[in-house]
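>>> Sequence first, predicted coordinates after that:
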Amino acid sequence: MTIIEATTEHAGPVTASERLVALGLDLPPVPAPVAAYLPTVRSGSWVWTSGQLPLVGGALPIRGKVGEGPGLVAPEEAARLARISVLNAVAAAAAEAGGIDHIRRIVKLVGFVASDPSFTGQPAVVNGASELLGDLFGAAGAHARSAVGVAALPLDAPVEIELVVEVD
Amino acid sequence: MTIIEATTEHAGPVTASERLVALGLDLPPVPAPVAAYLPTVRSGSWVWTSGQLPLVGGALPIRGKVGEGPGLVAPEEAARLARISVLNAVAAAAAEAGGIDHIRRIVKLVGFVASDPSFTGQPAVVNGASELLGDLFGAAGAHARSAVGVAALPLDAPVEIELVVEVD
Amino acid sequence: MTIIEATTEHAGPVTASERLVALGLDLPPVPAPVAAYLPTVRSGSWVWTSGQLPLVGGALPIRGKVGEGPGLVAPEEAARLARISVLNAVAAAAAEAGGIDHIRRIVKLVGFVASDPSFTGQPAVVNGASELLGDLFGAAGAHARSAVGVAALPLDAPVEIELVVEVD
């Protein structure tokens, strides 16, 4: 009985900040504003992020177009990059909102995948981002999304992710 | 005089659900959620849809890149696919809103057209979607839109359409 | 003393309409609605623009894909086109808002750059748009943005820009 109560009341992390710890993740520092645009803008109850590249410490771990075959970034690798991109986007949104626990809902995600024209597996790539949002925010992390294959991305990044989130 | 009154008061279908019937269309079933994302999210007075492919009964009737020439999907065909995609998007938004007549305004449409680099007729393709919105919603269906030509789309779909709609 | 007071209180243009004059710019006429979509839609406190091409007097000054090399539009030229596109977008948003000074904040900009697959300098191209927004709106012009390289754009335009702005 005590165990059941403990399970239902303390079954695991319940806030996004607790889930972040449980996942062994830290929010990365938000890059300084570049030129005349910002990492995020808040308007009403929403925060819009800029498109986020999979930068780690300011550098891209991998560059290139995604696809199957020599000289292309494998879809599984691109999914890991999508996860990095969305963590950067969450960090930016959290900074604007006053902390990750002020993010009430992930509304929309657009995933741009730099794609060889023969590659049509963008959904599996962008799942790397969608799944992390589910892990971090639970039901509040389930979002509308679009996944598209583009010709090229800044710095030859394989993926770019943008978010619209509702905040309190 | 009687005729004029009848015309102005009963000129034809006036709600979107009536127009749907008059057009001989049914809203298709909304596909079940895939992975960690949803067909739609409502936030405030807005519903955001996921990017919708021209799926009919769960399958793509046509695959490939749009353009003029052998091996490409003809623009006229792609416009018909855009119409299917946006009907899927309307169905998803209607399910979220509690019925199509709760859609108050189509705000924004983005049309991604998987394009051979030589093809620059994306507007005519996306008109297939825009015109159906006008037919279904009248003035409330006139929307802001962007039409772009992308390198590739999920499942090799020729078009993908996303909507933001205002609901009540 | 008087000079200093004058400087701090009247140091230069303080409204967007004054800055427009100081920059020697006019808002171009907004193109008439095409087919079943509009240049802009207002919903709540936001105006969404359609994707804007760098049309000048209804025609594109330059067509083609952006990149480094023969047959491509140079990035510096494309940045000038991005500036033209965003001025068209501001003109459309201003018309919807009842004048440029009713634009309270630029929220989001998406810059689509028709890119040779080898070209990854989309940020510098889209800076042409971002910088004009800063010049026109000051801090209120600093926005979230995404810059992506697409396969092709309508009319073979090198760039297309869309905005979401908050209005009063």
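Noted; the coordinates are in hand.
>>> alpha carbons only for contacts and neighbour counts from here, please
Noted.
>>> Please work out the average pLDDT along the longest helix along chain A.
Secondary structure of chain A read by DSSP state H shows that its longest helix is helix A:75-97. Helix A:75-97 shows a mean pLDDT of 97.
>>> What is it packed up against?
Helix A:75-97 sits against strand A:40-43, strand A:46-49, strand A:103-114, helix A:122-137, strand A:159-167, with contacts defined as 3 or more Cα pairs under 8 Å, 6 or more residues apart in numbering or on different chains; DSSP states H and E.
>>> Show me how far it is from its chain's centre.
3 Å (Cα atoms, centre = their mean, to the nearest Å).
>>> Repeat that for stretch A:13-27.
On Cα atoms, centre = their mean, the centre of stretch A:13-27 falls 14 Å from that of its chain.
>>> what's the closest non-adjacent residue to the most centrally placed residue in chain A?
Residue closest to the mean C-alpha point of chain A, counted by Cα atoms, centre = their mean, is A:Val86 at 1.3 Å. Once flanking residues are discounted, A:Val86 sits nearest to A:Ala129: 5.5 Å by Cα to Cα, 6 or more residues apart in numbering or on different chains.
>>> I'd say that neighbour and A:Ala89 touch.
No - counting by Cα atoms under 8 Å, A:Ala129 stays clear of A:Ala89, with 10.0 Å between them.
>>> Those two: which has the busier surroundings?
A:Ala89 (29 against 23; other Cα atoms under 10 Å in any protein chain shown).
>>> where does the residue nearest to that one when sequence neighbours are not counted fall, phi/psi-wise?
Using Cα to Cα, 6+ apart and skipping residues adjacent in sequence, the residue nearest A:Ala89 is A:Gln52, 5.9 Å away. Geometry field for A:Gln52 lists phi and psi as phi -110, psi 130, criterion degrees, to the nearest 10.
>>> Equivalent analysis for the one 4 residues further on, please.
Here is the backbone geometry of A:Val56 (degrees, to the nearest 10): phi -120, psi 110.
>>> Let me see the confidence value for it.
94.
>>> Quick check: closest non-adjacent residue to it.
A:Ile84 (7.8 Å).
>>> now swap in A:Val73 and tell me
Per Cα to Cα, 6+ apart, closest to A:Val73 is A:Val66, 4.5 Å.
>>> List the residues that contact the one you found.
Counting by Cα atoms under 8 Å, 6 or more residues apart in numbering or on different chains, A:Val66 touches A:Leu72, A:Val73, A:Ala74, A:Pro75, A:Ala78, A:Val113, A:Ala114, A:Ser115, A:Asp116, A:Phe119, A:Pro158.
>>> What parts of chain A come near chain C?
A:35-43, A:48-52, A:112, A:150-156, A:162 (Cα under 8 Å from any Cα of the partner chain).
>>> number of nearby residues for A:Leu53?
A:Leu53, neighbours per other Cα under 10 Å, totals 27.
>>> Pretty sure it sits against A:Val159.
Yes - shown here, A:Leu53 and A:Val159 form a contact pair, counting by Cα under 8 Å, at 6.4 Å.
>>> show me what contacts A:Pro75?
A:Pro75 is in contact with A:Val66, A:Gly67, A:Glu68, A:Gly121, A:Ala124, A:Val125, counting by Cα under 8 Å, 6+ apart.
>>> Just list the residues touching the residue lying closest to the last one once chain neighbours are set aside, thanks.
The shortest distance from A:Val125 to any residue other than its chain neighbours is 4.2 Å, reached at A:Ala79 (Cα to Cα, 6+ apart). For A:Ala79, the contact set (Cα under 8 Å, 6+ apart) comprises A:Ala124, A:Val125, A:Val126, A:Asn127, A:Gly128, A:Ala129.
>>> would you list the residues you listed in TSV and tack on pLDDT?
Listed next are the contacts of A:Ala79 as TSV, based on pLDDT from 0 to 100:
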residue	pLDDT
A:Ala124	96
A:Val125	97
A:Val126	98
A:Asn127	97
A:Gly128	98
A:Ala129	98
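>>> Which of these sits closest to chain C?
Of all the contacts of A:Ala79, A:Val126 has the smallest distance to chain C: 15.9 Å, by Cα to the nearest Cα.
>>> Distance of A:Ala89 relative to A:Pro29?
11 Å (Cα to Cα, to the nearest Å).
>>> correction: A:Ala93
Counting by Cα to Cα - A:Ala93 and A:Pro29 are separated by 12 Å.
>>> So for those two, which sits in the more crowded spot?
Higher neighbour count among A:Ala93 and A:Pro29: A:Ala93, with 30 against 13, using other Cα under 10 Å.
>>> I'd guessed the more buried one sits against A:Thr49; true?
Yes - applying Cα under 8 Å as the test, A:Ala93 and A:Thr49 come out as touching, 6.5 Å apart.
>>> Check the contact lists of those two and give me the overlap.
A:Thr40.
>>> So, low pLDDT: which residues of chain A?
Applying pLDDT under 70 to chain A flags the ranges A:1-11, A:33-35.
>>> So which residues on it come close to chain B?
Close to chain B, as judged by Cα under 8 Å from any Cα, chain A has residues A:107-108, A:115-123, A:127, A:130-131, A:133-134, A:141-151, A:166.
>>> at 7 Å instead, please
Residues of chain A lying close to chain B by Cα under 7 Å from any Cα of the partner chain are A:107-108, A:115, A:117, A:119-123, A:130-131, A:134, A:142-146, A:148-151.
>>> just to revisit the earlier point, the residue nearest to A:Val56: how many residues sit nearby?
Neighbours around A:Ile84, by other Cα under 10 Å: 24.
>>> if I read this right, it contacts A:Leu53, doesn't it?
No - the pair A:Ile84 / A:Leu53 is not scored as a contact, 8.0 Å apart, by Cα atoms under 7 Å.
>>> A:Ala91 - nearest residue in space that isn't next to it in sequence?
Per Cα to Cα, 6+ apart, closest to A:Ala91 is A:Leu27, 5.3 Å.
>>> residues contacting A:Leu42?
No, residue A:42 isn't Leu; it's Arg. A:Trp48 (Cα atoms under 7 Å, 6 or more residues apart in numbering or on different chains).
>>> same question, A:Ala157
Contacts of A:Ala157 by Cα under 7 Å, 6+ apart are A:Leu53, A:Arg63, A:Gly64.
>>> Would you agree the second one is in contact with A:Glu160?
No - the pair A:Arg63 and A:Glu160 does not pass the contact test of Cα under 7 Å, sitting 11.9 Å apart.
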